[in-house]
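Trainee: Sharing a sequence plus its predicted fold:
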Amino acid sequence: MTDMPKKLRLAVLASGGGTNLQSMIDRCAEGSMAAEVAVVLSDRPDANALNRAEKAGIPAFCVDYKSYMGLEVTEEVLGNLPISLEELDRSQQILKAPDSLQRLRRLARLILAERGLTDIIDRFRPDYICLAGFMRLVTPYFIGHFNSSGAHRIINIHPALLPSFPGTRGYEDTFIYGCKWGGITIHFVDEGEDTGPIIAQAVYPVFPGDRIEQVRARGLRLEYEMYAQVINWLACNHIELEALPSGRLHVQVSDPQYADILKKWVRLSFAQPNS
Ligand code: GAR
């Protein structure tokens, strides 16, 4: 363990507005995050995250998933895949369609799109791949590409207290269920949907009369702070993975300031907007 932060190179993947990305760009520029956003990628050409990256002078690319999802999966396409689909289907936990041909076709399309991503990402040699509002499932092909030799290099932020409310509607699901506390989770990505080893979690209150917009704004303020902290922990080698006898991987954070950081997140979760 060392406290000397190494500046990490990040590839950030985003599908939407990119406020998490913006927070990273700003914090890297002001020096409060020991990292550099080396490249930004999106699955949609209209993602504002791409504009934010370009404005900051960061290389930005779109791999348009829509065009891949409509692709006809011919024998030739199948023959050109970088991996055996059957093998991949055995290890994946995200596609549940009972029809195996349907599953394999969907997997093939996802892998082709992911190969578009990995080809670009590799050119920028990032230390970590940060999903920041990337609304696509990633397959074991993508995960295996970056996690060779036991490394865990893909991180996701999810706007709910996992394992509650996985998926793409974390704030809405928390709010509609009537939860009195919402949460944010940052985790390493594994083969399931939002099931990977948890690195950090924090909660925020949901007050009577709150609207979903207020809940989301409260949560997003935490997201920005937490993502920066997790990257700083990684940069300082404060994060270790421990395999439990059950097989589940647990993250141990060895920061002496850990309790103070959690208290800071609690205070932030109660702070008024703009304070
Ligand atoms: C964030 O709330 C992030 O946690 C969520 O998307 C939003 C992106 O906002 N991610 C997921 O729901 C992943 N399943 P942003 O584009 O403004 O950063």
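Mentor: Received, thanks. Just so it is clear, the structure is predicted and the values come from calculations on it, not from any experiment.

Trainee: The closest residue to the ligand within the chain and residue 122: what is the separation?
Mentor: Proximity of the chain to the ligand (C-beta to the nearest ligand atom) peaks at residue 133, 2.5 Å away. C-beta: built from backbone N, CA, C; applies to glycine. Taking C-beta to C-beta, to the nearest Å as the measure, residue 133 falls 22 Å from residue 122.

Trainee: Those two: who's more crowded?
Mentor: Higher neighbour count among residue 133 and residue 122: residue 133, with 23 against 12, using other C-beta atoms under 10 Å.

Trainee: Which positions in the chain make contact with the ligand?
Mentor: Neighbours of the ligand within the chain, by C-beta under 6 Å from any ligand atom: 14, 16-20, 132-133, 157-159, 168, 170, 220, 223.

Trainee: Restricted to helices, list these.
Mentor: Under the assignment DSSP state H, those contribute 19-20, 170, 220, 223 to helices.

Trainee: want to try JSON lines for the residues you listed, with neighbour count as columns?
Mentor: Converted to JSON lines, these look like this (neighbours: other C-beta atoms under 10 Å):
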{"residue": "19", "neighbour count": "17"}
{"residue": "20", "neighbour count": "23"}
{"residue": "170", "neighbour count": "24"}
{"residue": "220", "neighbour count": "18"}
{"residue": "223", "neighbour count": "22"}
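
Trainee: how about those residues in a markdown table, adding pLDDT?
Mentor: A markdown table is the format used below for these (pLDDT from 0 to 100):
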| residue | pLDDT |
| --- | --- |
| 19 | 98 |
| 20 | 98 |
| 170 | 98 |
| 220 | 98 |
| 223 | 98 |
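
Trainee: Mind picking the two most distant members of those residues?
Mentor: Using C-beta to C-beta, those span at most 14.7 Å, a distance reached by 19 and 170.

Trainee: Tell me where the protein has helices.
Mentor: All helices of the chain, identified by DSSP H, fall at 19-30, 48-55, 65-69, 75-79, 85-91, 100-123, 140-146, 170-177, 212-235, 258-270.

Trainee: What residues sit buried inside the third one?
Mentor: Of the residues in helix 65-69, 65, 68 count as buried by neighbour count, 16 or more other C-beta atoms under 10 Å.

Trainee: same check, this time on the first one
Mentor: Neighbour-count burial for helix 19-30, counted by 16+ other C-beta under 10 Å, picks out 19-25, 27-28.
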